[in-house]
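Chemist: Requesting a structural model of the entry that follows:
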Amino acid sequence: MRYLVESGLVLMLGILPWMGCGGDGDSGVCGSACAQDAECYPPPERTPNCMQFCSDLLDQAAEVSADCEGRFTDMLTCVTDLSCEQLDAYYSEDPPDSYPCKTEEDIFLSTCGLDVGAFGVQP
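Modeler: The predicted structure is shown next:
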């Protein structure tokens, strides 16, 4: 099971308490992800320090390349558009071959040359 985008995505649980991403303060995709995390995962399931967690992941992606950062943002945008039920499916990778936002996640990981474990997200 995944721990993003952070519900921690997520994603990633209190996963998504993400962002402040890329210096965008409480706005942007990290703010959206963390708001979703707060809505879908009440304490104690909520991702601790969501905004910092998300921001750190965004910074890691940016260090790889601007394209990697963009693909990470695309993935988080997809995840933040999910319902709480769909977010659970994302984090549990259910179904394995077509869970929500799998395509965006695969593109992100491929673009960045990473796997989920290497990017600091616990499988």
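Chemist: Tell me if I am right that F72 is in a strand.
Modeler: No: looking at F72 with DSSP: H, G, I helix; E, B strand; the rest coil, it is helix, so not inside a strand.
Chemist: And it, how far from P48?
Modeler: To P48, F72 is 20 Å away according to C-beta to C-beta, to the nearest Å. Yep, even glycine has a C-beta here, placed from its N, CA and C like the rest.
Chemist: if you count what's nearby, which of those two comes out ahead?
Modeler: More crowded of F72 and P48, by other C-beta atoms under 10 Å: F72, with 30 against 13.
Chemist: can you tell me which residues contact the more buried one?
Modeler: Shown in contact with F72 (C-beta atoms under 8 Å, 6 or more residues apart in numbering): V5, L57, L58, A61, F108, C112.
Chemist: redo that, cut-off 6 Å
Modeler: Residues near F72 by C-beta atoms under 6 Å, 6 or more residues apart in numbering: A61, F108.
Chemist: and if you look at P100?
Modeler: L82, Q86, A89, Y90.
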